[in-house]
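Q: here is my input, please return the structure:
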Amino acid sequence: MNILSIFVLIPLLMLLGLWLSRNIKQIRTVMVVGASALVLAAVGLTIAYLQARAAGDTAEMLFRADVPWYPALNIHYSVGVDGISVAMLLLSAIIVFTGTFASWRLQPLTKEYFLWFTLLSLGVFGFFISTDLFTMFMFYEVALIPMYLLIGVWGSGRKEYSAMKLTLMLMGGSAFLLIGILGIYFGSGATSMNLLEIAQLHNIPIEQQRIWFPLTFLGFGVLGALFPFHTWSPDGHASAPTAVSMLHAGVLMKLGGYGCFRIAMYLMPEAAQELGWIFLILTGISVVYGAFSACVQTDLKYINAYSSVSHCGLVL
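A: Have a look, this model is predicted:
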């Protein structure tokens, strides 16, 4: 088994363990063991990656694996990592571990909460290791869907409003993203949806890039709280449970920036160079607006939310 598949296998085993758990002690045991295993796996992967680079391995992606998943549509389970994705995996594992203890005494429906929390984690880890466009999109949606219930059921304040607003805006971004991904695939003429193959072919016409790049960048930019699509983030932060807010700010919003880099800019560099000034203005507004908005807040979660908007503007 490929080393990267561990980051999908562990959350799946955690979901199974949680499903079979009958009391709070078993639930906590499953979460602690699973979260600890994720941290150890992330640390081990980081060490292995650094050793491979030190040994002279200059491949663009390391620890690659490709298994046909649905050959009729050229969909593969394709994985690989570079320095950015390794760092994001380590960050995600640490936040899942600390988020587990932040939710230690959460009531009610503890079992259901951790099931959705783990499913969200599965989507995050799967997204960061994937190099197939469809598989990335699938894990992306797996990471987003649990947010509605985690905020709507276990949140506080205007939790129903915040959960619905978050879901509608992120699903709207996903619609743009899906159109962009399909446009990239058919425009490239590739035999699969593998990122590396599409990048190596490098034959998406610039006329098409001008269409698919904005759709893809905006699709991920909504999750990255790109101005003016950031309004879901402060309400979502303020209403979310502490652990979910940690994942929200520490991982999910960065997932949007990672997607912009990994798909939009990587596969359509000419359009990125030509249209980048537009998004540079929007990200600049996000940085300034988020920073000033954070300065006038009195609620700690709103401060965190607006500072995250500012930080994600820098990332984008």
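Q: measure Ala291 to Val315 for me?
A: 14 Å (C-beta to C-beta, to the nearest Å). C-beta coordinates here come from the backbone N, C-alpha and C atoms, glycine included.
Q: nope, Pro11 is what I meant
A: Relative to Val315, and taking C-beta to C-beta, Pro11 is found at 25 Å.
Q: that's a strand at Val67, yeah?
A: Yes. The assignment for Val67 is a strand, going by DSSP: H, G, I helix; E, B strand; the rest coil.
Q: what about the strands in the stretch 51-200 of the chain?
A: Using DSSP state E, counting those that start in this stretch, the strands of the stretch 51-200 of the chain run over 62-70, 75-81.
Q: related to what we said a few turns ago, ok, Pro11 and Val315, which is more surrounded?
A: Comparing Pro11 with Val315 by other C-beta atoms under 10 Å, the one with more neighbours is Pro11, at 26 against 17.
Q: could you say which helix or strand holds that one?
A: In the assignment (DSSP states H and E), Pro11 maps to helix 6-20.
Q: just checking, what packs against that helix?
A: Contact here means 3 or more C-beta pairs under 8 Å, 6 or more residues apart in numbering; DSSP states H and E; on that basis helix 6-20 packs against helix 24-54, helix 110-129.
Q: give me that answer again for 10 Å
A: helix 24-54, strand 75-81, helix 83-102, helix 110-129 (3 or more C-beta pairs under 10 Å, 6 or more residues apart in numbering; DSSP states H and E).
Q: out of the ones you listed, which comes closest to Ser286?
A: Ser286 lies closest to helix 83-102 among those, at 20.2 Å (C-beta to C-beta).
Q: chain center to that closest one: distance?
A: Taking the mean of its C-alpha atoms, helix 83-102 sits 12 Å from the chain's own mean (C-alpha atoms, centre = their mean, to the nearest Å).
Q: mind listing what's buried in that helix?
A: 85-86, 88-100, 102 (16 or more other C-beta atoms under 10 Å).
Q: out of the residues you listed, which is nearest to Ala54?
A: Val86 (13.8 Å).
Q: circling back: export the helix holding Pro11 to CSV, keeping only CA atoms.
A: The C-alpha trace of helix 6-20 is given here as CSV (Å, rounded to 0.1, in the frame of the first residue of the first chain):
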residue,chain,number,x,y,z
ILE,A,6,-2.5,5.9,5.1
PHE,A,7,-4.1,9.4,5.4
VAL,A,8,-7.3,8.0,3.9
LEU,A,9,-7.2,4.6,5.6
ILE,A,10,-6.8,6.0,9.2
PRO,A,11,-9.9,8.3,9.0
LEU,A,12,-11.9,5.4,7.4
LEU,A,13,-10.9,3.1,10.3
MET,A,14,-11.8,5.9,12.7
LEU,A,15,-15.2,6.2,11.2
LEU,A,16,-15.7,2.5,11.5
GLY,A,17,-14.5,2.5,15.1
LEU,A,18,-16.8,5.4,16.0
TRP,A,19,-19.8,3.6,14.3
LEU,A,20,-19.2,0.6,16.5
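Q: residues of it that come out buried?
A: Quick answer for helix 6-20 (16+ other C-beta under 10 Å): Ile6, Phe7, Val8, Ile10, Pro11, Met14, Leu15, Gly17, Leu18.
Q: need those residues in TSV with distance to Leu267 and pLDDT, can you?
A: Output for these, formatted as TSV (distance: C-beta to C-beta, whole Å; pLDDT from 0 to 100):
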residue	distance to Leu267	pLDDT
Ile6	27	92
Phe7	23	93
Val8	24	92
Ile10	30	94
Pro11	28	94
Met14	33	93
Leu15	32	93
Gly17	38	91
Leu18	37	90
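Q: and those residues as JSON lines, adding distance to Ile75?
A: Shown next, in JSON lines, are the buried residues of helix 6-20 (distance: C-beta to C-beta, whole Å):
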{"residue": "Ile6", "distance to Ile75": "22"}
{"residue": "Phe7", "distance to Ile75": "20"}
{"residue": "Val8", "distance to Ile75": "16"}
{"residue": "Ile10", "distance to Ile75": "23"}
{"residue": "Pro11", "distance to Ile75": "21"}
{"residue": "Met14", "distance to Ile75": "25"}
{"residue": "Leu15", "distance to Ile75": "23"}
{"residue": "Gly17", "distance to Ile75": "29"}
{"residue": "Leu18", "distance to Ile75": "28"}
